[in-house]
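Engineer: My questions concern the predicted model and sequence given below.
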2 protein chains.
Amino acid sequence: MKKNKEVTIYDLAKKLKYSPSTVSRALNNHKSISEKATREIQATAKKMGYRPNSLAASLRNNRSKTIGIMIARINRPFVSTLISGIENAARKAGHNVLISQSNDIYENEVNNAKALYDSRICGLIVSLGMETKDTKHFQQFADQNIPIVFVDRAPDDFNSYRVIIDNYAAGYRATQHLIDQGCKRIAHFAGAQHLNVYNLRKKGYLDALRENNIPVDEELIMDLKTMSFAEGKEATRILLERDNPPDGIFSSNDTAAVSSIITAKDKGIKIPEELAVIGFNDDPISSIVDPALSTVSHPAMKMGEISTQRILDHSTRNMDADISEITMLDTEIIVRNSSKRIKD
Amino acid sequence: MKKNKEVTIYDLAKKLKYSPSTVSRALNNHKSISEKATREIQATAKKMGYRPNSLAASLRNNRSKTIGIMIARINRPFVSTLISGIENAARKAGHNVLISQSNDIYENEVNNAKALYDSRICGLIVSLGMETKDTKHFQQFADQNIPIVFVDRAPDDFNSYRVIIDNYAAGYRATQHLIDQGCKRIAHFAGAQHLNVYNLRKKGYLDALRENNIPVDEELIMDLKTMSFAEGKEATRILLERDNPPDGIFSSNDTAAVSSIITAKDKGIKIPEELAVIGFNDDPISSIVDPALSTVSHPAMKMGEISTQRILDHSTRNMDADISEITMLDTEIIVRNSSKRIKD
DNA sequence: TTGTAAGCGTTATCAA
DNA sequence: TTGATAACGCTTACAA
């Protein structure tokens, strides 16, 4: 088991007859070091295969260049795009990214928070799991002035950065869109109501109905626990078997929306003529289903980039971690054939 | 900017009148420490809010508990599921996961390798980018006996662990399936041929044709650089405008396959009667497109878990890093309506 | 501009 | 069973 001993700044110092501090400074392009020494040291470092040990630097500086991510599941289109945005921005700034997923289990979320804390991350980006109802496990970061950015699924009882979309407005506009297409009985697939994202979309839906003088029919509001394909199918089945079925569905995610399109088509219902459907997220499946699903697009990549930026800025500006700063991004209603009754 | 000073083992030691070494051992459940001391120390640690600093431990041990991942893009269904599998297995073993993406740019891949090396990861899991044609940037890990696992897109000129599928067999069987459905002129969407995954699928395709005495028509082999939706569309258009169009397509990924279904349907071609299509990966879109796409399923989650296991085992068994060990996983042909001519 | 020395929080070795 | 001490590789006052 060969293993070449690693080159350290001490090795460089000995070789070049400089002190370790000079070597360290030269490697970090410190201005006090002569150009000649800097060149010489950097050249030798390269030649000898020196590689900085960021563990050591982080320990010494009491500050790592590592951003931690906590999400429920990595393999969801929105989430993986979000992570992609975070990673791109972090990498560009010379930071690393540690990921952790809870698989929607609260206990995992708590343990992951511990593990990331122990890794002395310099900032945390979180999108809450379905099960998360309290936030005490995030306090440890705030206590050490480690900035926390809640993205998308954010709590509102915790001071921190928030990068979110206007879920209320999006829900309102999605519903209004269906109304504009002539829908009179609009059903809603509502997600877990303790999560703001779902709760606000529902509020937007309700207000849009009210302001258009459409009576709210509680029977049309389907509470889906996980918004899965199977749940969407079941909800659609129930709705369509009613005496007075809906003529439109606003689903809080695309998975359930696509499921409803497929289920309804199967039962011979015409989309969008008899049932207009709009989803949420603009997942890849939404442009593949036939007819293509209208949806609300989430700027996932951008949300990731902005979240990273909040963390980087926080460190630079030396802010206090119990700041509360909300960044609200625009969503866009994407109209496709699943809801286009009025052709242009 | 309040910031509670963090509690260290020295603080615990002072408080309890033990030495730091005893505290350290107690926290690690070292057997030489009395039960009483261990209990007492762990209780006080909890009470005082002690949190281990894994940077310090890693530095001291010259060995971190962090697995690095290098992939091209996170937001692809196969990749994000792979990462999910890696993360689950790593977390269970008390390891962290650092991610890096190259966005299919070779230079980024090289820089990411450097960054992960500098973080002193204990193992590396890699799926190569489209542009990667050499592997010298991985040598630094082997030199330090840091195990490398190539997953899916693996080079064959580098000794390491490999967790792959039998692309040749999968290509062969996918093609055979189309032949079994009565296809006589089968086109192939081939990806970048310097990558084994695509190269072997094509070989399987060619051999299946030959062994069924079907002449290979070079005109039916479409070289797609990135296997994107747009490329799939264009390739389909070209094929269908030929005097002698294909009656089947084996696409090396689902994106291009789905694209071909949509494009062909648009031109009034009946799927699967006039054109049977099979893809590769079993991405979510493949079960949503109408007719649903037959495909070859990749055990992505499992590949991630196994890759992590290779790294963990390597450390435990104290192996030499220039080992060459291949794990080949089974794929499954999933027959859906896009190729089902013979109904059961 | 460069060097000395201390220290970041652990853990392993050796000794008691 | 416990303690003293050095070391992991780096950075930064402070001194020269």
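Structural biologist: Sure, I can see it.
Engineer: residue ranges for the strands of the stretch 1-150 of chain A, please.
Structural biologist: A:66-71, A:96-101, A:123-126, A:148-151 (DSSP state E, counting those that start in this stretch).
Engineer: domain parsing for chain A?
Structural biologist: Chain A is divided into the following domains under automatic domain parsing: A:9-52, A:65-165+A:300-329, A:167-298.
Engineer: Average pLDDT for the longest one, rounded please.
Structural biologist: Along domain A:167-298, the predicted local confidence has a mean pLDDT of 97.
Engineer: and that domain, does that touch chain B?
Structural biologist: Yes - applying Cβ under 8 Å from any Cβ of the partner chain, one finds domain A:167-298 in contact with chain B at A:258, A:262, A:283-285, A:288-290. For every residue, glycine as well, the C-beta is placed using N, CA and C.
Engineer: quick check, nearest of those residues to residue A:323?
Structural biologist: Nearest to residue A:323 out of the residues of domain A:167-298 next to chain B is residue A:283 (Cβ to Cβ; 32.6 Å).
Engineer: Might one say that that closest one is in contact with residue A:78?
Structural biologist: Yes - Residue A:283 lies in contact with residue A:78 (Cβ atoms under 8 Å); the separation is 7.1 Å.
Engineer: In the stretch 151-300 of chain A, what residue lies closest to DNA strand C?
Structural biologist: As assessed by Cβ to the nearest atom of the strand, DNA strand C sits closest to residue A:160 within the stretch 151-300 of chain A, at 23.9 Å.
Engineer: Could you tell me the end-to-end distance of stretch A:316-328?
Structural biologist: 22 Å (Cα to Cα, to the nearest Å).
Engineer: typed the wrong thing, it's stretch A:240-255
Structural biologist: First-to-last residue span, stretch A:240-255, Cα to Cα: 18 Å.
Engineer: What ranges does chain A have for its helices?
Structural biologist: Secondary structure of chain A (DSSP state H): helices located at A:9-16, A:20-27, A:35-48, A:54-61, A:77-92, A:106-118, A:139-143, A:167-180, A:196-211, A:229-240, A:254-266, A:284-288, A:300-317.
Engineer: Is there proximity between the first one and chain B?
Structural biologist: This means helix A:9-16. No - against chain B, helix A:9-16 shows no contacts by Cβ under 8 Å from any Cβ, the least distance being 13.5 Å.
Engineer: try the second one
Structural biologist: No - contact of helix A:20-27 with chain B (Cβ under 8 Å from any Cβ) is absent, the minimum separation being 12.0 Å.
Engineer: Return the list of helices and strands in contact with that helix.
Structural biologist: helix A:9-16, helix A:35-48 (3 or more Cβ pairs under 8 Å, 6 or more residues apart in numbering or on different chains; DSSP states H and E).
Engineer: returning to what we had before: export the helices of chain A to a markdown table and tack on mean neighbour count?
Structural biologist: Formatted as a markdown table, these follow (neighbours: other Cβ atoms under 10 Å in any protein chain shown):
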| stretch | mean neighbour count |
| --- | --- |
| helix A:9-16 | 17 |
| helix A:20-27 | 19 |
| helix A:35-48 | 14 |
| helix A:54-61 | 18 |
| helix A:77-92 | 23 |
| helix A:106-118 | 19 |
| helix A:139-143 | 17 |
| helix A:167-180 | 22 |
| helix A:196-211 | 20 |
| helix A:229-240 | 19 |
| helix A:254-266 | 24 |
| helix A:284-288 | 23 |
| helix A:300-317 | 20 |
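Engineer: returning to that earlier point: these two touch, right, the residue of the stretch 151-300 of chain A closest to DNA strand C and residue A:139?
Structural biologist: No - contact status for residue A:160 versus residue A:139: not in contact, 10.5 Å apart, counting by Cβ under 8 Å.
Engineer: and DNA strand D, which of the domains of chain A is closest to it?
Structural biologist: domain A:9-52 (3.1 Å).
Engineer: Run through the bridge partners of residue A:295.
Structural biologist: residue A:334 (DSSP bridges).
Engineer: just checking, it touches residue A:334?
Structural biologist: Yes - using Cβ under 8 Å, residue A:295 is in contact with residue A:334, at 5.3 Å.
Engineer: The two: which is more packed in?
Structural biologist: residue A:295 (30 against 17; other Cβ atoms under 10 Å in any protein chain shown).
Engineer: Look at the residue lying closest to residue A:105 once chain neighbours are set aside and report its pLDDT.
Structural biologist: Nearest residue to residue A:105 in three dimensions, chain neighbours excluded: residue A:131, at 6.4 Å (Cβ to Cβ, 6 or more residues apart in numbering or on different chains). Residue A:131 is assigned a pLDDT of 81 by the prediction.
Engineer: what about residue A:131, distance to chain B?
Structural biologist: Residue A:131 sits 17 Å away from chain B, going by Cβ to the nearest Cβ, to the nearest Å.
Engineer: just residue A:105 next, same as before
Structural biologist: For residue A:105 relative to chain B (Cβ to the nearest Cβ), the value is 11 Å.
Engineer: Same check on residue A:193?
Structural biologist: Separation of residue A:193 from chain B (Cβ to the nearest Cβ): 26 Å.
Engineer: Make sure that residue is actually in contact with residue A:199.
Structural biologist: Yes - taking Cβ under 8 Å as the definition, residue A:193 is a contact partner of residue A:199 at 5.0 Å.
Engineer: what's near enough to touch the residue nearest to residue A:105?
Structural biologist: Going by Cβ atoms under 8 Å, 6 or more residues apart in numbering or on different chains, residue A:131 touches A:102, A:104-106, A:109.
Engineer: Closest one of those residues to residue A:172?
Structural biologist: Nearest to residue A:172 among the contacts of residue A:131, with distances taken as Cβ to Cβ, is residue A:104, at 27.7 Å.
Engineer: ok, now which ones touch the closest one?
Structural biologist: Residue A:104 neighbours (Cβ under 8 Å, 6+ apart): A:72-73, A:129-131, A:226.
Engineer: one more time with 10 Å, if that's ok
Structural biologist: A:71-73, A:128-132, A:226 (Cβ atoms under 10 Å, 6 or more residues apart in numbering or on different chains).
Engineer: distance of residue A:298 from residue B:342?
Structural biologist: Distance, residue A:298 to residue B:342, by Cβ to Cβ, to the nearest Å: 42 Å.
Engineer: Counting neighbours, go ahead and name the busier of these two.
Structural biologist: residue A:298 (23 against 10).
Engineer: could the helices and strands packed on helix A:20-27 go into CSV alongside mean pLDDT?
Structural biologist: Rendered in CSV, the data for those read as follows (pLDDT from 0 to 100):
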stretch, mean pLDDT
helix A:9-16, 94
helix A:35-48, 95
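Engineer: Go through those and name the closest to residue B:95.
Structural biologist: Using Cβ to Cβ, these put helix A:9-16 closest to residue B:95, at 28.2 Å.
Engineer: Just the CA atoms of that closest one, as PDB, please.
Structural biologist: C-alpha atoms of helix A:9-16 as PDB (Å, rounded to 0.1, in the frame of the first residue of the first chain):
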ATOM      1  CA  ILE A   9       4.300  24.200   3.400                       C
ATOM      2  CA  TYR A  10       7.100  23.000   5.700                       C
ATOM      3  CA  ASP A  11       8.600  21.000   3.000                       C
ATOM      4  CA  LEU A  12       8.400  23.900   0.600                       C
ATOM      5  CA  ALA A  13       9.900  26.200   3.300                       C
ATOM      6  CA  LYS A  14      12.800  23.800   3.900                       C
ATOM      7  CA  LYS A  15      13.500  23.300   0.200                       C
ATOM      8  CA  LEU A  16      13.500  27.000  -0.500                       C
END
